[in-house]
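K.L.:
I'll drop the sequence and a predicted model, then ask my questions.
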There are 2 protein chains.
Amino acid sequence: MRHVDVLIIGGGPAGISAAIWCKRLGIDCLLLEEQSQLGGQLFNIFNEIIDYPGMRTKNGIEMQREMVKHFVEMDCLYEVNTKVLFIDERSKTVKVKKQAKKQEICYTYLILATGSSQRKLGVPGEQQMIDRGEVYSASADGERLKGKTVAIIGGGDRAFEGAHLLSSKAREVYLIHRSTRFKAREQYVERVISNPGIKVMTDTEVTAIHGDRHVTSIELESKNKEYKSKNLLVDAVLIRLGVAPNVELIKGKVATAQNGLIVTDEVHQSSNPFIYAIGDACTTPLFSSISSSAGQGTIVAKHISSLLTEA
Amino acid sequence: MRHVDVLIIGGGPAGISAAIWCKRLGIDCLLLEEQSQLGGQLFNIFNEIIDYPGMRTKNGIEMQREMVKHFVEMDCLYEVNTKVLFIDERSKTVKVKKQAKKQEICYTYLILATGSSQRKLGVPGEQQMIDRGEVYSASADGERLKGKTVAIIGGGDRAFEGAHLLSSKAREVYLIHRSTRFKAREQYVERVISNPGIKVMTDTEVTAIHGDRHVTSIELESKNKEYKSKNLLVDAVLIRLGVAPNVELIKGKVATAQNGLIVTDEVHQSSNPFIYAIGDACTTPLFSSISSSAGQGTIVAKHISSLLTEA
């Protein structure tokens, strides 16, 4: 069976940083990425990146290129298109699948850099909409959504900020939330409620997204029984339910907090001393950033290096 | 009196990152730097920087240029040549001196990014040697030290690594340590002890560095009374006593650990909720790096932003 001293799951900025640092410190290391390319959520950043100290890029793709270039120049070992199926923390083995081929890899230390994903509604038509590419950024897609009727689903900062941003571009904006309480900060809520161009619908659940070639309407259900079900004509849906850490693989195997994040100490060790977590799998969205993810990758590699040297 | 929401003391990578992020988040912020240029310890990195994810530079100066360029493009406010004389944490005021002019600045939140400094011997002749520019890097100055007699003072990794690196270049290498126990990792110690080109002197204190235009000898004292005092002819002295955090300004005002580092929580808040610390002032040298410092600057700015928004 293949053995590595450090196995990293996830090839976003946190995983890339950990791999670069492992290489820098002479640690035998392998990074696994499920997608066909390294970069993780960098592919979802469409605006300019102005907050990675020392390096500004036009967008996430440009940052991805620079990070991957560095990673490749350092001769870091990695496998793309490789899905981790199972982590057996007792035997310190990971089962992976690359195309049809299954394999087992044994590790001394495991670094989870699995990131986070946008939460979904889980309703009919949602995945089809995403697969058709009907995914919008409120800040970058103002022109694309000009004159359209837009529904934004959610009750947090990003939902309210999106509604505010699009209200000057779109023909109509609906902000739809399943509760009457909002997580968004008060100033955001007030700005939206006082905006006549935005219709706020509370106690309302979206039960389906309709449309064949593009979104045409959504199905709504009132939770306070004002109505049973109603169809709302819209041209675009922005789902802003926040993000959830990708921790399915490790659930029940290391301690997680109520919000799902993996609990780690100051060197990013989890409750299992052979398993570390970095990046959005253990960081609240409030504090998530490319630079903090990169910093965490550094700390973890340095800590593991000190343990391997002692051994 | 001038007031800022965030006052940052120290313009190394940690402080630069915090300032960029404050600007990014719309926070009123001012950075103070004692030296004539921003960059902090970047000026002491003479080798290639290969471990800041996404960006490789020839040396610290090149990294400094990129970071300062970014900082300036973001229109971050700063003052160089500005020494902080006193922090009054009760009135949340800082007394500073720029050239002859004294001034008071009032803050809502204070970020200490004061870094660390090489520990000194504190013996006659030491400061004169440093002021003459007789400061060497074992990895970069091999050619400059070729054929010379070199004394390395210290018992940690860097002392032993330096002795090993220079043994193939210098005519003679002395490794001088005041104790018989070494902090350096065993493999480093063994490599040096088994090297016939390196003379290891333990239980030995350096009491003076002699030389007018350049180092000519050092004065030694035996701690086990093998001899009272002896003069050793050397051409160069490398002091490798480790680093100490620059925390004089804040001593007794926030909690510090035994090693002198400012104690912080996971968002880098100190024991005083209005004072934060980032970078080498609160990070053990083992985990110190440009990327972790930059990451810490991000976290702090994001945390302060959330507090300012709530207020």
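P.N.:
Arrived safely, thanks for sending.
K.L.:
from here on, contacts and neighbour counts on C-alpha atoms
P.N.:
Noted.
K.L.:
Tell me the pLDDT of residue A:155.
P.N.:
Residue A:155 carries a pLDDT score of 96 in this model.
K.L.:
Give me the spatial nearest neighbour of it, chain neighbours excluded.
P.N.:
What sits nearest to residue A:155 in space, not counting adjacent residues and going by CA to CA, 6 or more residues apart in numbering or on different chains, is residue A:182, at 4.9 Å.
K.L.:
Tally up the residues packed near that neighbour, please.
P.N.:
Residues lying near residue A:182 (other CA atoms under 10 Å in any protein chain shown) number 17.
K.L.:
Same check on residue A:101?
P.N.:
With neighbours defined by other CA under 10 Å, the count for residue A:101 comes to 8.
K.L.:
May I have the beta-bridge partners of it?
P.N.:
Here residue A:101 sits in beta bridges with residue A:98, going by DSSP bridges.
K.L.:
quick one: it from chain B, how far?
P.N.:
31 Å (CA to the nearest CA, to the nearest Å).
K.L.:
What separation do you get for that residue and residue A:93?
P.N.:
16 Å (CA to CA, to the nearest Å).
K.L.:
which SS class is the nearest residue to residue A:171 once chain neighbours are set aside?
P.N.:
Distances taken as CA to CA, 6+ apart place residue A:147 nearest to residue A:171, at 4.3 Å, with adjacent residues excluded. Secondary structure, DSSP: H, G, I helix; E, B strand; the rest coil: residue A:147 is coil.
K.L.:
Can you tell me the SS state at the nearest residue to residue A:227 once chain neighbours are set aside?
P.N.:
Computed as CA to CA, 6+ apart, the closest residue to residue A:227 that is not its neighbour in sequence is residue A:221, at 7.1 Å. With three-state DSSP as the basis, residue A:221 sits in strand.
K.L.:
what's the neighbour count on residue A:221?
P.N.:
Neighbourhood size, residue A:221 [other CA under 10 Å]: 19.
K.L.:
Can you check what pLDDT the model gives the nearest residue to residue A:289 once chain neighbours are set aside?
P.N.:
Excluding its sequence neighbours, the residue lying closest to residue A:289 (CA to CA, 6+ apart) is residue B:298, at 7.5 Å. If you check residue B:298, the pLDDT there is 95.
K.L.:
Verify the contact between residue B:298 and residue B:15 for me.
P.N.:
No - under the criterion of CA atoms under 8 Å, residue B:298 makes no contact with residue B:15, lying 9.8 Å away.
K.L.:
and residue A:243, how many neighbours does it have?
P.N.:
15.
K.L.:
Run through the bridge partners of it.
P.N.:
Applying DSSP bridges to residue A:243 gives these bridge partners: residue A:118.
K.L.:
on that earlier part again, for chain B, see how far away the residue nearest to residue A:155 is.
P.N.:
Distance, residue A:182 to chain B, using CA to the nearest CA: 15 Å.
K.L.:
Also residue A:91?
P.N.:
29 Å.
K.L.:
got it, and residue A:234?
P.N.:
Using CA to the nearest CA, residue A:234 is found at 33 Å from chain B.
K.L.:
Over to residue A:293?
P.N.:
As judged by CA to the nearest CA, residue A:293 and chain B stand 7 Å apart.
K.L.:
Shouldn't that residue be within a helix?
P.N.:
Yes - Residue A:293: assigned to a helix according to three-state DSSP.
K.L.:
okay but it is in contact with residue A:278, surely?
P.N.:
Yes - between residue A:293 and residue A:278 there is a contact at 6.6 Å, judged by CA under 8 Å.
K.L.:
which bits of chain A sit near chain B?
P.N.:
A:16-17, A:20-21, A:24, A:50-56, A:63, A:66-71, A:185, A:266, A:286-287, A:289, A:291-296, A:298-299, A:302-303, A:310 (CA under 8 Å from any CA of the partner chain).
K.L.:
mind redoing it with 6 Å?
P.N.:
With the criterion set to CA under 6 Å from any CA of the partner chain, chain A comes near chain B through A:17, A:53-54, A:66-67, A:70, A:287, A:291-292, A:295, A:299.
K.L.:
could I get these as CSV with secondary structure?
P.N.:
Formatted as CSV, those follow (three-state DSSP):
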residue, secondary structure
A:17, helix
A:53, coil
A:54, coil
A:66, helix
A:67, helix
A:70, helix
A:287, helix
A:291, helix
A:292, helix
A:295, helix
A:299, helix
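K.L.:
which two in those are spaced the farthest apart?
P.N.:
A:70 and A:287 (24.9 Å; CA to CA).
K.L.:
What helices and strands are in contact with the helix or strand hosting the residue nearest to residue A:289?
P.N.:
Taking DSSP states H and E as the definition, residue B:298 sits inside helix B:290-310. Helix B:290-310 is packed against helix A:290-310, helix B:13-24, with contacts defined by 3 or more CA pairs under 6 Å, 6 or more residues apart in numbering or on different chains; DSSP states H and E.
K.L.:
So for residue B:243, which of those sits nearest?
P.N.:
Across these, closest to residue B:243 is helix B:13-24 (CA to CA), at 16.9 Å.
K.L.:
average model confidence for the closest one?
P.N.:
Mean predicted confidence for helix B:13-24 is 96.
K.L.:
Need the three-state assignment for residue A:38.
P.N.:
Three-state call for residue A:38 (three-state DSSP): coil.
K.L.:
Ramachandran coordinates for it?
P.N.:
Phi and psi for residue A:38, reported as degrees, to the nearest 10, are phi -70, psi 160.
K.L.:
Over to the one 5 residues further on?
P.N.:
Backbone torsions of residue A:43, given as degrees, to the nearest 10, read phi -70, psi -20.
K.L.:
Tell me, how many residues neighbour it?
P.N.:
The burial count for residue A:43: 16, using other CA under 10 Å.
K.L.:
Now do the contacts for it.
P.N.:
Residue A:43 makes contact with A:60-61 under the criterion CA atoms under 6 Å, 6 or more residues apart in numbering or on different chains.
K.L.:
again, only this time at 8 Å
P.N.:
The contact partners of residue A:43, by CA atoms under 8 Å, 6 or more residues apart in numbering or on different chains, come to A:60-61, A:64.
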